[in-house]
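Novice: Quick one: sequence plus predicted model below, questions after.
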Amino acid sequence: MSNAECLPTAAGTVVLVGAGPGDPGLLTQRALTALAEADLVLLERAGLVPIEAVAHAEVREYPVNAGVADLVAQARAGRRVVRVLRGDGWTDAPGAQEAAACAAAGLTVEVVPGVPLVTAAAGYAGIALTPPGQSCASVTVGSTTALRGSLDLVAATAKQMLADGADPTQPVSLVTGATTARQQTRAVSLAELAETAGGDDDAVALLTDAPNPDLAWFERRPLFGWTVLVPRTRDDATPLVSRLRRYGAVAEQVPTISVEPPRNPNQIERALRGLVEGRYAWVVLTSVSALRAVRDRLEAYGLDARAMSGVRVAAVGESTVAALEAWGIRPELVPSGEQTSRGLLADWPPFDEEADPLNRVFLPRADIATETLAAGLAELGWEPEDVTAYRTVRAAPPPAPTRDAIKTGAFDAVVFTSSSTVRNLVGIAGKPHASTVVACIGPATAATAEEHGMRVDVLAASPTPEDLVDALAAFALTRREQLAAAGQQAARPSQRRRTTARRQVAGKAT
């Protein structure tokens, strides 16, 4: 599988999920996330996962003897397919075979391990699998033997196996830092494993003759091991952070804006009274902060979401829609395309005197928001009331270690989602190091970054958090391929910065 195939494409993605032994409480958090993000869920048998764990996906029963033809076809159609198997899915069922077939078909394959039936049964029965006093466990599954323990203990076990007559050329896949951003898989022989030293570091040595490189998905993710700085705006950064994690990055969020009440609350209080009294046809919520400002003031008056029952609600952004639905409100209008004020205006109907008894639109917004939406609504015949619902001020500086990491290049990349995040980050923490990859959501944000002396490496194809992260992942893949073509190690930007610094110091010393 090439590096480019690590990016989700039209070929589609298959996520292999282990459902555990049967207790729904043993579903992992990662499994629940995968189910929530799925377009199609294919169950080995009915009842493997609670229906409430599946958000909006189609759910089908798909037995293991059904082959993978339909699974591959659904993924190739662009759907994110979650394949759910009993137990671990990797050891308790033919998950590896299905995954290999999907990878051979050119699909992106991810694996979410589940709780294996053997360990679950032993735990629920109160039976210890490792004898007292034994620190290195040995488990055999099929033709593969796994040694688990500290690296020194695994090496000592390998020495004992050699003394007992084991083949010193036996291939071993040595995994350290498993499932974390520090994971590293090395191919060694049993003899080399016996001479490995590593102290108390946890390790798993897999003695197997036939590892499939096409299934080594975790470490090949585009941003694997990258530490990415996310300067947060006033709204929730969850969609962006979730996508970074899907690509293998570790995201560190730094708030750059603090939200405070308006200096004079009279305007928002009058507007909310008008909302309850039925003065408005629409209320437009363009951010989570705008919703929070409205909700908090209504609740201060002893009101809840029912106060909005007589007005149509429009919302911009997935986070805003999710927050509205969590409050019990489903918006009537959400942009069908670009999740911005311009996108909302593109779908907004013109005012019709016969169909609309009221033409007033309530626009709660930040004190620094532009008037694009209000002007556009007025052109469509509506009467917008632009109300300052909250103020945005620069956040306090992050802790000293974070400021030092920003200035010294310890971050591999930084993602800017607005011009204000650029200005405020520089104001509270300083400019990122020149080695840090700079990714911007749009041309205006990129121009602001360049004005502050930054080199912009990545520009999103469209101004959405998802496209911003996709563009950063594509950049990382291209960079990895270029380094490999030049015969250089595929080090992260922060690692290359440290290597270059050491070389410069060594050169001065000579």
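Specialist: Cool, got the structure.
Novice: So which bits of the top strand by length along the chain are buried?
Specialist: Scanning the chain for the longest strand, with DSSP state E as the assignment, gives strand 383-394. Neighbour counts over strand 383-394 (16 or more other Cβ atoms under 10 Å) mark Pro384, Glu385, Asp386, Val387, Thr388, Ala389, Tyr390, Arg391, Thr392 as buried. For glycine as for every other residue, the C-beta is placed from the backbone atoms N, C-alpha and C.
Novice: tell me which of the residues you listed is nearest to Tyr301?
Specialist: Ala389 (14.9 Å; Cβ to Cβ).
Novice: got the contact list for that closest one?
Specialist: Residues counted as contacts of Ala389 (Cβ atoms under 8 Å, 6 or more residues apart in numbering) are Pro262, Ile268, Ser289, Ala290, Ala293, Val294, Pro364, Arg365, Ala366.
Novice: same thing with Arg148?
Specialist: Arg148 touches Cys136, Ala137, Ser138, Val139, Val154, Asp202, Ala203, Val204, Ala205, counting by Cβ under 8 Å, 6+ apart.
Novice: give me phi/psi at the third one?
Specialist: Its backbone dihedrals place Ser138 at phi -120, psi 130, with angles given as degrees, to the nearest 10.
Novice: How about it: what's its closest non-neighbour residue?
Specialist: Computed as Cβ to Cβ, 6 or more residues apart in numbering, the closest residue to Ser138 that is not its neighbour in sequence is Leu147, at 5.5 Å.
Novice: What of the fourth one?
Specialist: Spatial nearest neighbour of Val139, excluding adjacent residues (Cβ to Cβ, 6+ apart): Ala146 at 4.9 Å.
Novice: got CSV for the buried residues of strand 383-394, with distance to Gly343 and pLDDT too?
Specialist: Conversion of the buried residues of strand 383-394 to CSV gives the following (distance: Cβ to Cβ, whole Å; pLDDT from 0 to 100):
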residue, distance to Gly343, pLDDT
Pro384, 17, 93
Glu385, 21, 92
Asp386, 19, 89
Val387, 22, 91
Thr388, 23, 90
Ala389, 21, 89
Tyr390, 22, 88
Arg391, 25, 85
Thr392, 22, 80
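Novice: Return the helix or strand hosting Thr119 as PDB; C-alpha atoms alone will do.
Specialist: For Thr119, the host element (DSSP states H and E) is helix 117-125. These are the backbone C-alpha positions of helix 117-125, laid out as PDB (Å, rounded to 0.1, in the frame of the first residue of the first chain):
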ATOM      1  CA  LEU A 117     -13.300 -13.700  24.700                       C
ATOM      2  CA  VAL A 118     -10.500 -15.600  26.500                       C
ATOM      3  CA  THR A 119      -9.300 -12.700  28.700                       C
ATOM      4  CA  ALA A 120     -12.900 -11.600  29.300                       C
ATOM      5  CA  ALA A 121     -14.000 -15.100  30.400                       C
ATOM      6  CA  ALA A 122     -11.000 -15.500  32.600                       C
ATOM      7  CA  GLY A 123     -11.600 -12.100  34.200                       C
ATOM      8  CA  TYR A 124     -15.300 -12.600  34.700                       C
ATOM      9  CA  ALA A 125     -14.600 -16.000  36.200                       C
END
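Novice: How far does the strand or helix carrying the residue nearest to Ser138 sit from its chain's centre?
Specialist: Using DSSP H and E, Leu147 maps to strand 144-150. Centroid separation between strand 144-150 and its chain, computed with Cα atoms, centre = their mean, to the nearest Å, is 30 Å.
Novice: could you give the angle of whatever helix or strand comes next after that strand to strand 144-150?
Specialist: Next along the chain after strand 144-150, taking DSSP H and E as the criterion, comes helix 151-163. Per axes from the mean of the first three to the mean of the last three Cα atoms, to 10 degrees, the angle that helix 151-163 makes with strand 144-150 is 140 degrees.
Novice: Can you verify my assumption that Pro331 contacts Ala322?
Specialist: No. Pro331 lies out of contact with Ala322 (Cβ atoms under 8 Å); the separation is 10.7 Å.
Novice: Bridge partners for Pro231, pull those for me.
Specialist: Taking DSSP bridges as the rule, Pro231 bridges to Val254.
Novice: Please name the residues that touch it.
Specialist: Per Cβ under 8 Å, 6+ apart, neighbours of Pro231: Val254, Thr256, Val414, Val415, Phe416, Thr417, Thr421, Val422, Asn424, Leu425.
Novice: Please parse the chain into its domains.
Specialist: For the chain, whose domains are defined here by automatic domain parsing, the residue ranges read 3-120, 135-215, 227-238+246-255+396-497, 260-394.
Novice: Who does the strand holding Leu147 pair with, and is each partner parallel or antiparallel?
Specialist: Short version: by DSSP bridges, strand 144-150 pairs with strand 137-141 (antiparallel), strand 202-207 (antiparallel).
Novice: and among those, the most buried is which?
Specialist: strand 202-207 (a mean of 20; mean count of other Cβ atoms under 10 Å).
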